[in-house]
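Trainee: give me coordinates for this.
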Amino acid sequence: MNSHLSLEQISEFLVGNATPEQAQHAANCAECAAELSQLQETLSAFRGSVQHWAKQSGGSVIPDRAYLVNEERFYNVHPLRWALAATALIVLAIPVYNDIRNRDRQKQAEDVLLLEQVNAHLSRAVPAPMEPLLELLSDGSAEEVGGR
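Mentor: Alright, predicted model coming up:
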């Protein structure tokens, strides 16, 4: 081997998956051997601190399997449950939506009725209090009323 071990090759060496060539290079190359040794010491120190922390906190180093299974179940909800929840939400939302639409239609109908009343009032030839007088004038001829 001409070059030193790569980070990936060092990782493979640490987990025990090194090729014979990589193992021979690590044994012969002082630089790669020092890097492997330093990394192994760091991992050993980390392992020791985790074990110490676990003893101090009263917990185990390995998580409880029942806890992990329950955690998976929480996040792995069956898709049918999501579909049922969505359907229930839609069924509950439809009456609310229809009620809002009916209120809007009723308000629009009231607005249209008010505009028709205003339009009828504005289109009169004479004001409402004078309408009986206009009827008197239109029923009789001008001669009957005293006109020429």
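
Trainee: now the element after the one helix or strand Ile94 maps to, going C-ward?
Mentor: Assessed by DSSP states H and E, Ile94 sits inside helix 79-122. Counting by DSSP H and E, the next helix or strand C-terminal to helix 79-122 is helix 131-139.

Trainee: what pLDDT, on average, does that next one get?
Mentor: Across helix 131-139, pLDDT averages out at 79.

Trainee: what comes up buried for it?
Mentor: Neighbour counts over helix 131-139 (16 or more other CB atoms under 10 Å) mark no residue as buried. Using the backbone N, CA and C atoms, a C-beta is placed for each residue, glycine as well.

Trainee: quick one: low-confidence residue ranges for this protein.
Mentor: Across the chain, the ranges flagged by pLDDT under 70 are 1-2, 59-77, 139-148.

Trainee: domain parsing for it?
Mentor: For the chain, automatic domain parsing gives the domain ranges 1-76, 78-148.

Trainee: thought Glu31 was touching Ser3?
Mentor: No - the criterion here is CB atoms under 8 Å, and Glu31 misses it with Ser3 at 10.9 Å.

Trainee: what residues does the spatially most central residue of the chain make contact with?
Mentor: Centroid-nearest residue in the chain, with CA atoms, centre = their mean: Ala86, separated by 13.3 Å. By CB atoms under 8 Å, 6 or more residues apart in numbering, the contact set of Ala86 is empty.

Trainee: count of residues packed around His25?
Mentor: The number of residues packed near His25 is 20, by other CB atoms under 10 Å.
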